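*Asks:* Return a 3D structure for these sequence lines:
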Amino acid sequence: MQASEGPSPEAERAAFAPARPATALLRDFLELSELFESSLADELGVNPTDLQVMEHLIMSGPLAPTELARRVGLSAGATTTSVDRLVALGHVSREPRPNDRRGILVAPRPESRDKAMGRLIPMIMGVDAELDSFTPQEQDVITRYLRRVTESLRAHAGADPSAHR
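*Replies:* Numbering: from 1, shown residues only. Reported below is the predicted structural model:
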């Protein structure tokens, strides 16, 4: 007699399917966010880790390698490797620190920043414009819900509550 192999991946996924439409839509949103990031990485010719590095540099401006490593959650060696790849592709540059010539800052190159923002800004503006079809009270409810979802995801991810604000 053969032992059962257990439920199929499709059956397991169905067992965890959210019962509420809003929760299902959040799952779709997360999957689509990953798809968007993947297409942006492809367009820029970078891997997902290098895209994360670029995103931090685009949002924050030049950063010291140690700060960049901390923000992305990489080792010093992995950060150096990522920055080396991004420099070779022309996406970032290493510049001397203004107050300490011994140190360096990693800076996004304007052309790469503009290319990435050319994809990000229309997406962000489109998402933000969707709120215009809701009353201020409805927007408050949406914001409260998303804040709570974000806090729940952050807690389950073990993320620092002060990070990413």
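*Asks:* can you pull the buried residues of stretch 78-96?
*Replies:* Going by neighbour count (16 or more other CB atoms under 10 Å), the buried part of stretch 78-96 is Thr79, Ser82, Val83, Arg85, Leu86, His91, Val92, Ser93. To be clear about C-beta, it is placed using only N, CA and C from the backbone, and glycine gets the same treatment.
*Asks:* SS state for the last one?
*Replies:* The three-state label for Ser93, taken from DSSP: H, G, I helix; E, B strand; the rest coil, comes out as strand.
*Asks:* Who does it form a beta bridge with?
*Replies:* Ser93 has these beta-bridge partners by DSSP bridges: Ala107.
*Asks:* in the protein, which spans are helices?
*Replies:* With helices called from DSSP state H, the chain shows them at 9-15, 21-44, 48-60, 65-72, 76-88, 110-129, 136-157.
*Asks:* Which neighbouring elements make contact with the third one?
*Replies:* With contacts taken as 3 or more CB pairs under 8 Å, 6 or more residues apart in numbering; DSSP states H and E, helix 48-60 sits against helix 21-44, helix 65-72, helix 76-88, strand 92-96, strand 104-108, helix 110-129.
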